[in-house]
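Novice: pasting a predicted model and its sequence here:
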Amino acid sequence: MPGVIIAVVVAGLASAAATFGVLRLWDHLLRRDARSEAQEIIRKAKLEVENRRREAEIELKELAIQHKAEGEKELRRLREDLHERDRLLDKRQDALEQQGEQLRKQEKINEATQRKLSERIQEVNHRREELTKLLDMQRQTLHELSGLNKEEATRRLLENLETSLQQEAGAIIARSEKRVTETCEERTREILLTSLQRYAAAHTAETTTSAVDIPSDEMKGRIIGREGRNIRAFEKATGVDVIIDDTPGVVIVSAFDTIRREVARLALTRLIADGRIHPSRIEELVAETQSELERHVQKLGEQACQEVGVHGLNERIVNLLGRLQFRTSYSQNVLRHSIEVAFLAGMLAEEMGLDGVLARRCGLLHDIGKAADHETEGGHPKIGADLLRRYGERAEVVHAACGHHDDLRISNPYTVLVATADACSASRPGARRETLERYVKRMEELESIATAFSGVEQAYAIQAGREMRVMVSSKDTTDESAAKICRDIAKAFEERLTYPGEIKVTVLRETRHTEIAK
């Protein structure tokens, strides 16, 4: 037993010694491999650094070569520019030399002309001196024969001449005024009566309506739609206001633009007849109605031109003429009014020996501004004149449109003819309808607004309410305050009243001084 134990111990010691030796050998090998690997990494790093250094040197050389090429290219361009400038300078120098040569030639011609003029002036002065001497001799001879000096003879001659001329001129002026007045009145009356008799038009004015009939009140609910989506879609597509109240069997379409209102009325009528009322169908029908109405408007304008015999108008002007079919003035259809004015102006022109075709053109287009006065600021005469000038119409046509309401100085006879025909058309019995009570109320409303301002003494509405004349006190106002009153009255009209076109406000301030001699 003891021997076995000793053998086991000896074996364990031998195994431990062997293990220790192996470990020492493994550690030695590991250290040698680590040194070799470290040396290999250092060698690779040095090699990579060397390669990158060489690559950087190559890139620097390439950049230097590229910069050198760009510099040479820029240098060549600068040289070419310098050569081109030298060439242009040489060309300009040649041109200047040619101009200098021409100036020298012109200078020689001017010198010769000036020399001839000097000689001619001397000759004229010599002849003038001779004539002066002859006149002096004649004057002296006349003084000797009459026994009067120069001043006294001149005075007597002028007095006699002035007296005789005054008497004769007065008689001639009186006779001429009387004859011209009689002739003008007779001829004017004859021309107007002849023209009005030659043209016979219907006196009943057309009216337009914005009411749409519906078969039953149940249709109102369908037009409104669930939570109002149908009526909102319709108003958005047409740009109008749809008024649905308790009135049975009627839906009101409201819009200032007459074309939009007509599109809305026709589209709503079609929707009611179709029965399918929903947003997509509304948009589809409104688009179709707009296209059809636009074609209808163009056709109406072309028919008006053919009826009057006016050709060569711009397409836009023809379209605006067609739009006048849907515009009324005091319930008178503006397109029929324009056609009537065209015929009357043409007949007046023919009676006076003027161009009837040009007069009809002026009359047909005189109210063209009413087709666009809701889109542009200003009264319809100015708007119409601007449109006609823009589309190349003649000066006579533009002036007739601008001045047919006597808003400016009349400079050609066609404007007077159009203004006369316009007044005749508007004043025909039945042409325009407005009750006396409504008319008086509107005039009183205008005057009451104006007289409510401080410093205003009197106010008069004239030209059917298109103009307001206001008299202010010279004691309570100054020129500056009168201008402010005029502006305030115009703003009050804009805020409180609804009216077509414009209202011209004129404030008059007059200072009077009166003394009595006793």
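Specialist: Now that the structure is in, tell me what you want to look at.
Novice: spatially central residue for this protein, please.
Specialist: In the chain, the residue lying closest to the centroid (CA atoms, centre = their mean) is residue 386, at 7.3 Å.
Novice: quick check: which helices or strands does the helix or strand where it lies pack against?
Specialist: Using DSSP states H and E, residue 386 sits within helix 380-390. Contact here means 3 or more CB pairs under 8 Å, 6 or more residues apart in numbering; DSSP states H and E; on that basis helix 380-390 packs against helix 315-323, helix 395-403. C-beta coordinates here come from the backbone N, C-alpha and C atoms, glycine included.
Novice: quickly, which of those bottoms out on average pLDDT?
Specialist: If the helices and strands packed on helix 380-390 are sorted by mean pLDDT, helix 395-403 sits at the bottom with a mean of 83.
Novice: which is the next helix or strand following it?
Specialist: Scanning forward in sequence from helix 395-403 by DSSP H and E, the next helix or strand is helix 413-427.
Novice: just for the stretch 251-400 of the chain, where's the confidence low?
Specialist: The model of the stretch 251-400 of the chain has pLDDT under 70 over residues 256, 330-331, 373-378.
Novice: show me where it has strands.
Specialist: 328-329, 332-333 (DSSP state E, counting those that start in this stretch).
Novice: need those strands in TSV with distance to residue 462, can you?
Specialist: Below are the strands of the stretch 251-400 of the chain laid out as TSV (distance: least, CB to CB, whole Å):
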stretch	distance to residue 462
strand 328-329	18
strand 332-333	20
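Novice: need the winner for burial among the helices and strands packed on helix 380-390.
Specialist: Highest mean neighbour count among those (mean count of other CB atoms under 10 Å): helix 395-403, with a mean of 23.
Novice: okay, angle between that helix and helix 413-427 too, please.
Specialist: Interaxial angle of helix 395-403 relative to helix 413-427 (axes from the mean of the first three to the mean of the last three CA atoms, to 10 degrees): 40 degrees.
Novice: list the strands paired with the strand or helix carrying residue 461, with their directions.
Specialist: Assigned by DSSP H and E, residue 461 falls within strand 456-462. Using DSSP bridges, strand 456-462 pairs in its sheet with strand 467-472 (antiparallel).
Novice: and the next element down the chain from the partner strand?
Specialist: Next along from strand 467-472, by DSSP H and E: helix 479-496.
Novice: ok so, going back, give me the contact list for the strand holding residue 461.
Specialist: The set of residues external to strand 456-462 that reach it, using CB atoms under 8 Å, 6 or more residues apart in numbering, is 443, 446-447, 450-451, 467-473, 485.
Novice: do stretch 267-280 as well
Specialist: Contacts of stretch 267-280 (CB under 8 Å, 6+ apart): 212, 214-215, 219, 222-223, 225, 229-230, 233-234, 237-238, 242, 251, 253, 281-282, 285-286, 289.
Novice: got the buried residues for the strand holding residue 461?
Specialist: 456, 459, 461 (16 or more other CB atoms under 10 Å).
Novice: out of those residues, who's nearest residue 343?
Specialist: residue 461 (31.7 Å; CB to CB).
Novice: and that closest one, bridged to which residues?
Specialist: With DSSP bridges as the criterion, residue 461 is bridged to residue 468.
Novice: residues contacting residue 253?
Specialist: Counted by CB under 8 Å, 6+ apart, residue 253 has contacts 210, 211, 212, 240, 241, 242, 243, 261, 264, 265, 268.
Novice: so for residue 192, what's the pLDDT?
Specialist: Model confidence at residue 192, given as pLDDT, is 59.
Novice: that older thread, so for the strand holding residue 461, mean pLDDT?
Specialist: On average, strand 456-462 scores 86.
Novice: now do stretch 72-81
Specialist: Stretch 72-81 comes out at a mean pLDDT of 89.
Novice: name the element residue 44 belongs to?
Specialist: Per DSSP H and E: helix 2-146 holds residue 44.
Novice: what packs against that helix?
Specialist: helix 150-198.
Novice: which SSE is immediately downstream of the helix it packs on?
Specialist: Following helix 150-198 in sequence, per DSSP H and E, is strand 211-213.
Novice: that next one: how far from the chain's middle?
Specialist: 36 Å (CA atoms, centre = their mean, to the nearest Å).
Novice: repeat that for stretch 45-52.
Specialist: For stretch 45-52, the gap between its own C-alpha mean and the chain's C-alpha mean amounts to 78 Å (CA atoms, centre = their mean).
Novice: equivalent analysis for stretch 510-518, please.
Specialist: 50 Å.
Novice: pLDDT of it, averaged?
Specialist: Rounded mean pLDDT across stretch 510-518 is 73.
Novice: and the angle for the strand holding residue 461 with helix 479-496?
Specialist: Taking the same axes, to 10 degrees, one finds that strand 456-462 is oriented at 50 degrees with respect to helix 479-496.
Novice: let's have the helices and strands packed on helix 380-390 in a markdown table, adding distance to residue 60.
Specialist: As requested, the helices and strands packed on helix 380-390 are exported to a markdown table (distance: least, CB to CB, whole Å):
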| stretch | distance to residue 60 |
| --- | --- |
| helix 315-323 | 71 |
| helix 395-403 | 78 |
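Novice: and those helices: which comes nearest residue 88?
Specialist: Of these, nearest to residue 88 by CB to CB is helix 395-403, at 47.8 Å.
Novice: so what secondary structure elements neighbour that closest one?
Specialist: helix 356-364, helix 380-390, helix 413-427.
Novice: following the chain past the last one, name the next helix or strand.
Specialist: Past helix 413-427, heading to the C-terminal end, the next element that is a helix or strand (DSSP H and E) is helix 436-451.
Novice: contacts for that next one?
Specialist: Contacts to helix 436-451, defined as CB under 8 Å, 6+ apart, come from residues 456, 458-461, 464-465, 468, 470, 489, 492-493, 496-497, 503, 505.
Novice: which of those residues lies closest to residue 332?
Specialist: Using CB to CB, residue 464 is the member of the contacts of helix 436-451 that lies nearest residue 332, at 12.5 Å.
Novice: ok so that closest one is a helix residue?
Specialist: No. According to DSSP: H, G, I helix; E, B strand; the rest coil, residue 464 belongs to no helix; its state is coil.
Novice: count of residues packed around it?
Specialist: Applying other CB atoms under 10 Å, we find 13 residues neighbouring residue 464.
Novice: again, but for residue 287
Specialist: 13.
Novice: out of the helices and strands packed on helix 395-403, nearest to residue 172?
Specialist: Each of the helices and strands packed on helix 395-403 has some distance to residue 172 by CB to CB; the shortest is helix 413-427, at 26.2 Å.
Novice: chain center to the closest one: distance?
Specialist: Distance, centroid of helix 413-427 to centroid of chain: 27 Å (CA atoms, centre = their mean).
Novice: packing partners of it?
Specialist: Using 3+ CB pairs under 8 Å, 6+ apart: helix 413-427 touches helix 150-198, helix 334-352, helix 356-364, helix 395-403.
Novice: ok, which of those comes nearest residue 53?
Specialist: Using CB to CB, those put helix 395-403 closest to residue 53, at 86.4 Å.
Novice: so how far is that closest one off the chain centroid?
Specialist: Centroid separation between helix 395-403 and its chain, computed with CA atoms, centre = their mean, is 17 Å.
Novice: next one, pLDDT for residue 246 please.
Specialist: 70.
Novice: which SS class is it?
Specialist: coil.
Novice: burial measure for it, as a count.
Specialist: The criterion is other CB under 10 Å. On that basis, residue 246 has 6 neighbouring residues.
Novice: distance check, it against residue 240.
Specialist: As judged by CB to CB, to the nearest Å, residue 246 and residue 240 stand 20 Å apart.
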